[in-house]
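**Student:** give me coordinates for this.
(one chain, ligands or ions: 1)
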Amino acid sequence: MQKYDPSTEVDFVVIGSGAAGGVMARQLSQAGFSVVVLEQGGWGAFGHEQDYNKDELSNRYPADVDKLISDPNLHRNTFRRNAGETATRGGHNYGCVVGGGTVTYGASSWRHLPWEFNEASVFGTMAGTGIADWPISYAELEPYYTMAEWELGISGERIDTPFMAPMSKPYPLPPQPIKSSGALAKLAAGKLGLTVVPNVAAIITEPYKGRGACINCGMCSGYGCQTKSRSSSAVALLPDAVATGKCEIRANAYVREISTDRNGKVTGAVYIDKAANNREVFQKAKVVVLSANGTETPRLLLMSKSARFPNGLANSSGVVGKYLMSGNGGGASALFDQPLNEYKGCVTGAAVLDFVPNDVKGRGFYGGGRMTARGFTSPIAYGLSGVHGAPTWGVAYKKALIEQANRKMVLANFISQMPIETNCVDLDPEVKDAWGLPAMRITSTSHPNDFKAMEFFRDKSVEILKAAGAKEVWADNISDSRGGAHSRGTCRMGNDPKTSVVNKFHRAHDVPNLFVVDGSSFVTGGRNHPTMTISALAFRAAEHLAAAAKTGNVKI
Ligand SMILES: Cc1cc2nc3c(=O)[nH]c(=O)nc-3n(C[C@H](O)[C@H](O)[C@H](O)COP(=O)(O)OP(=O)(O)OC[C@H]3O[C@@H](n4cnc5c(N)ncnc54)[C@H](O)[C@@H]3O)c2cc1C
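**Tutor:** Predicted coordinates:
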């Protein structure tokens, strides 16, 4: 791998190596620019993926053994419902390794639908929310969705339905098996007149670009993929970046500040080298691309305050960190008479699409969601989460475990969450992380509308599972999000610097050589599952940025 001395001014520093950072590193280095990627997580099994550990006990308990996901004991964060409360310890976490969240994600890869970019114009706004149109349209992003799908390797099947976005090119790979849960969802859909399709996933079902097809090992979401079949940033993007000879990836590099000069331009980033006794290093750069995810990106901007940027970098609008959307969920579970073998294959088999669009009048709430059919929980997690309707210990518990483990199906829903100004990420005034930096504080309460949406999806899930022939059905308690890896919206894009953080090409309004490219720039949240849109936005941003850099329109 190319190595740069930190004192060498590289063209681009990219902070974060996940869904967005991987695209930026690859596209910018392939365009001929020098790139240093600073990633706070470790290497994982980058380059020797066959070594990924599928043993649940040592992989997950204690949770930080493989260090693929951030550990709230170290990356401490706090949570409160509203500004009047004192925040207490939070459990927010996200992928934290070279490749970011894509190394362990479930890989559902849905496009936004066209109207998800201008919901304010199409459906109107709602009191207490910041619903607004994006400054870009679906038509502008469509070529980059296609690019992302073909560059990464996405499997799926587009049927003729208004519930899937129009596509200029089909998915490059056929869909995964829909699993028993998908077949049961289809059975119910036939009775209820619903639309069920195989899940669209960043998991290759045939050999693709030198990688092997998914072998349906079953230890999928939450685990590194031994066969490189999950199209993560670490296997589908970063090796290409390294192969250019222009890109260096630095793992264990925890950025604590984006530095600026007297003119208000970015000069590079200061990071803590976790692999070298936490010594501080300054990497000089002409341009900084911030792709640290929907919660760490605003935190880093807020930590990068200076005399010139007293409210945090790129925050003259005061919007950095606000409008956090982590997406709501919930659903229902069921037991069937027959074994379902859900432990095989990827996490989600199929999706019910009919409730994706808004139907404000018909359903009585704003928003919608995608219902996913699934079932498997890995053995220890299953044991710990408890069985249904049985004691949690002793002979009766063991009997219920045996009876239920292979007969359970879940409808897990990915539901919209309204952007609300007071739902935010900021710096906890008291708590520090393990490196002495201000801990992230999350403040969040969903809009009453979102609770109605969750109730609707819970009840709809029960109806579908009953129609599928379940012998017993039970619903989740309704509770809204407290953060998590789907977080977005915290540096919203827009044309007006007073109400947004970045412009439609992800350039910070306040800082000409700073680009924020990840889920933070979402204006509205879509129906959760943000990663395909993050990837498409990154391909678009990279193309624009490379062209601008070549003509000298950024500081290069
Ligand atoms: C178990 C799991 C399942 C998921 N399933 C799905 C799914 O099915 N579909 C879907 O759409 N999404 C899913 N997600 C969410 C998905 O992973 C994210 O939407 C996506 O990875 C976000 O991309 P990103 O580039 O914004 O950030 P990330 O991929 O999170 O990458 C950001 C990177 O920046 C690094 N970083 C952060 N701060 C700093 C700093 N200060 N210095 C240096 N590095 C830093 C982080 O360590 C991380 O590696 C899942 C996530 C998890 C964890």
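**Student:** domain boundaries for this structure, per the record?
**Tutor:** The chain breaks down into these domains under automatic domain parsing: 1-105+110-153+232-326+488-556, 160-220+329-415+447-480.
**Student:** touching the ligand at all, the helix or strand bottoming out on mean pLDDT in the chain?
**Tutor:** None of the helices or strands of the chain scores lower by mean pLDDT, DSSP states H and E than helix 56-60, at a mean of 77. No. Judged by CB under 6 Å from any ligand atom, helix 56-60 stays clear of the ligand, getting no closer than 11.2 Å. The C-beta positions use only the backbone N, C-alpha and C, and glycine is treated the same way.
**Student:** quick one: that helix to chain centroid distance?
**Tutor:** Relative to its chain's centre, helix 56-60 lies at 23 Å (CA atoms, centre = their mean, to the nearest Å).
**Student:** do stretch 29-41 as well
**Tutor:** Relative to its parent chain, stretch 29-41 has a centroid offset of 21 Å by CA atoms, centre = their mean.
**Student:** with only the CA atoms kept, save it in CSV.
**Tutor:** Output in CSV follows, covering the C-alpha atoms of stretch 29-41 (Å, rounded to 0.1, in the frame of the first residue of the first chain):
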residue,chain,number,x,y,z
SER,A,29,-7.8,7.7,-6.1
GLN,A,30,-8.9,6.2,-9.4
ALA,A,31,-9.2,9.8,-10.7
GLY,A,32,-5.5,10.2,-9.9
PHE,A,33,-5.6,12.1,-6.6
SER,A,34,-3.5,11.2,-3.5
VAL,A,35,-5.8,10.0,-0.7
VAL,A,36,-5.3,9.1,2.9
VAL,A,37,-8.2,7.4,4.6
LEU,A,38,-8.3,7.8,8.4
GLU,A,39,-10.4,5.1,10.1
GLN,A,40,-10.7,4.9,13.8
GLY,A,41,-11.6,1.1,13.8
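**Student:** in it, which residues are buried?
**Tutor:** Residues of stretch 29-41 classed as buried: 29-31, 33-41 (neighbour count, 16 or more other CB atoms under 10 Å).
**Student:** also near the ligand: which of those, exactly?
**Tutor:** 38-41.
**Student:** and those residues as a markdown table, adding pLDDT?
**Tutor:** Shown next, in a markdown table, are those (pLDDT from 0 to 100):
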| residue | pLDDT |
| --- | --- |
| Leu38 | 98 |
| Glu39 | 98 |
| Gln40 | 97 |
| Gly41 | 96 |
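**Student:** helix, strand or coil for whichever residue of the stretch 351-500 of the chain sits closest to the ligand?
**Tutor:** With CB to the nearest ligand atom as the measure, Ala485 is the residue of the stretch 351-500 of the chain nearest to the ligand, at 3.5 Å. Under DSSP: H, G, I helix; E, B strand; the rest coil, the three-state class of Ala485 is coil.
**Student:** ok, the closest residue to it other than its chain neighbours - contacts?
**Tutor:** Nearest residue to Ala485, sequence neighbours excluded (CB to CB, 6 or more residues apart in numbering): Tyr94, at 4.2 Å. Shown in contact with Tyr94 (CB atoms under 8 Å, 6 or more residues apart in numbering): 69-70, 100-101, 293, 295-296, 484-485, 487.
**Student:** the residue of the stretch 351-500 of the chain closest to the ligand: neighbouring residues, count only.
**Tutor:** Using other CB atoms under 10 Å, the number of residues around Ala485 comes to 25.
**Student:** could you number the chain from 728 rather than 1 from now on?
**Tutor:** Understood, numbering begins at 728; the last thing we discussed is Ala1212.
**Student:** that one and Tyr832 touch, don't they?
**Tutor:** Yes. Contact status for Ala1212 versus Tyr832: in contact at 7.4 Å, counting by CB atoms under 8 Å.
**Student:** shared neighbours, these two?
**Tutor:** Counting by CB under 8 Å, 6+ apart, the contacts common to Ala1212 and Tyr832 are Gly822.
**Student:** is stretch 735-749 anywhere near the ligand?
**Tutor:** Yes. Looking at stretch 735-749 against the ligand by CB under 6 Å from any ligand atom, the contacts come from 742-748.
**Student:** ranking the domains of the chain by burial, who's on top?
**Tutor:** Most buried of these by mean neighbour count (mean count of other CB atoms under 10 Å) is domain 728-832+837-880+959-1053+1215-1283; its value is a mean of 21.
**Student:** please state the offset of it from the chain centre?
**Tutor:** Mean C-alpha position of domain 728-832+837-880+959-1053+1215-1283 versus that of the full chain (CA atoms, centre = their mean) differs by 11 Å.
**Student:** and Pro1066, how far is that from Asn1133?
**Tutor:** Per CB to CB, to the nearest Å, Pro1066 is found 5 Å from Asn1133.
**Student:** which ones are touching the nearest residue to Trp1162 once chain neighbours are set aside?
**Tutor:** Using CB to CB, 6+ apart and skipping the chain neighbours, the partner closest in space to Trp1162 is Ile999 (5.6 Å). Contact partners of Ile999, counting by CB under 8 Å, 6+ apart, are 980-983, 1005-1008, 1162.
**Student:** check those against the ligand, which are close?
**Tutor:** Answer for these near the ligand (CB under 6 Å from any ligand atom): 980-982.
**Student:** and of the domains of the chain, who's closest to Leu1154?
**Tutor:** domain 728-832+837-880+959-1053+1215-1283 (5.4 Å; CB to CB).
**Student:** before we move on, back to that, the residue nearest to Trp1162 and Asp1086, how far apart?
**Tutor:** 49 Å.
**Student:** ditto for Gly1116
**Tutor:** In terms of CB to CB, Gly1116 sits 34 Å off from Asp1086.
**Student:** give the contact list for the residue most central in space within the chain.
**Tutor:** When CA atoms, centre = their mean is applied to the chain, the residue found nearest the centroid is His1213 (4.0 Å). Counting by CB under 8 Å, 6+ apart, His1213 touches 1021, 1053-1054, 1246, 1255-1257.
**Student:** list the contacts of Gly1072.
**Tutor:** Taking CB under 8 Å, 6+ apart as the contact definition, Gly1072 lies against 903-904, 906, 941, 943, 945, 947.
**Student:** Serialize those residues to CSV and add fields for distance to Thr1075 and secondary structure.
**Tutor:** What follows is the contacts of Gly1072, written out as CSV (distance: CB to CB, whole Å; DSSP: H, G, I helix; E, B strand; the rest coil):
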residue, distance to Thr1075, secondary structure
Gln903, 9, coil
Pro904, 11, coil
Lys906, 8, helix
Cys941, 13, coil
Asn943, 13, coil
Gly945, 13, coil
Cys947, 9, coil
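**Student:** now do the same contact list for the residue of the stretch 1078-1227 of the chain closest to the ligand.
**Tutor:** Under the criterion of CB under 8 Å, 6+ apart, the neighbours of Ala1212 are 820-822, 828, 832, 1020.
**Student:** what sits closest to Tyr872 if chain neighbours are left out?
**Tutor:** Leaving aside its chain neighbours, Tyr872 sits nearest to Ala1263 (4.4 Å; criterion: CB to CB, 6+ apart).
**Student:** you'd agree that neighbour is in a strand?
**Tutor:** No. Counting by three-state DSSP, Ala1263 is not part of a strand but helix.
**Student:** which parts of the stretch 878-1027 of the chain are strands?
**Tutor:** In the stretch 878-1027 of the chain, the segments counted as strands under DSSP state E, counting those that start in this stretch are 923-925, 974-977, 980-987, 993-1000, 1006-1017.
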